[in-house]
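*Asks:* Sequence first, predicted model second:
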Amino acid sequence: MATYECAKCGMSVNATCGKCDAPLVNDNLVLPDGKSVQISKCPNGHGKIKSPMCCGEDMTCKI
């Protein structure tokens, strides 16, 4: 399961899919300009989300 953590305060978040309740898995999305964005996605193809935010910054997830 993807666990996102805030580098400033240490808060952490686990995420599951709202459609099938499967734990989201960490992945990277490569944008058209070649940059990579860390995301979590449903292993059953129901979609993906960008990392959540805390303390005004994106939370990170270890790959």
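*Replies:* Done, it's in.
*Asks:* only C-alpha atoms for contact and neighbour calcs from this point on.
*Replies:* Fine.
*Asks:* Ignoring the adjacent residues along the chain, who's closest to N26?
*Replies:* S40 (4.5 Å; CA to CA, 6 or more residues apart in numbering).
*Asks:* continuing past the helix or strand hosting the one you found, what's the next helix or strand?
*Replies:* Using DSSP states H and E, S40 sits in strand 36-41. Later in the chain than strand 36-41, the nearest helix or strand by DSSP H and E is strand 48-50.
*Asks:* Counting neighbours, which bits of that following strand end up buried?
*Replies:* K48 (16 or more other CA atoms under 10 Å).
*Asks:* Listing partners with orientation, what would you give for that strand?
*Replies:* strand 36-41 (antiparallel) (DSSP bridges).
*Asks:* buried sites along the strand it pairs with?
*Replies:* Q38, I39, S40, K41.
*Asks:* Over to stretch 17-33?
*Replies:* Quick answer for stretch 17-33 (16+ other CA under 10 Å): C17, A22, P23, L24, V25, N26, D27.
*Asks:* Name the strands paired with whichever strand or helix holds the last one and say parallel or antiparallel.
*Replies:* Spelled out, it's D27. Under the criterion of DSSP H and E, D27 resides in strand 25-30. Strand 25-30 has its sheet partners listed here by DSSP bridges as strand 36-41 (antiparallel).
*Asks:* who touches K62 in this structure?
*Replies:* T3, Y4 (CA atoms under 8 Å, 6 or more residues apart in numbering).
*Asks:* ok, now how distant is it from T16?
*Replies:* 17 Å (CA to CA, to the nearest Å).
*Asks:* circling back: list just the nearest of the buried residues of strand 36-41 to C9.
*Replies:* Q38 (19.9 Å; CA to CA).
*Asks:* quick one: low-confidence ranges for the protein?
*Replies:* 63 (pLDDT under 70).
*Asks:* Sounds good, over and out.
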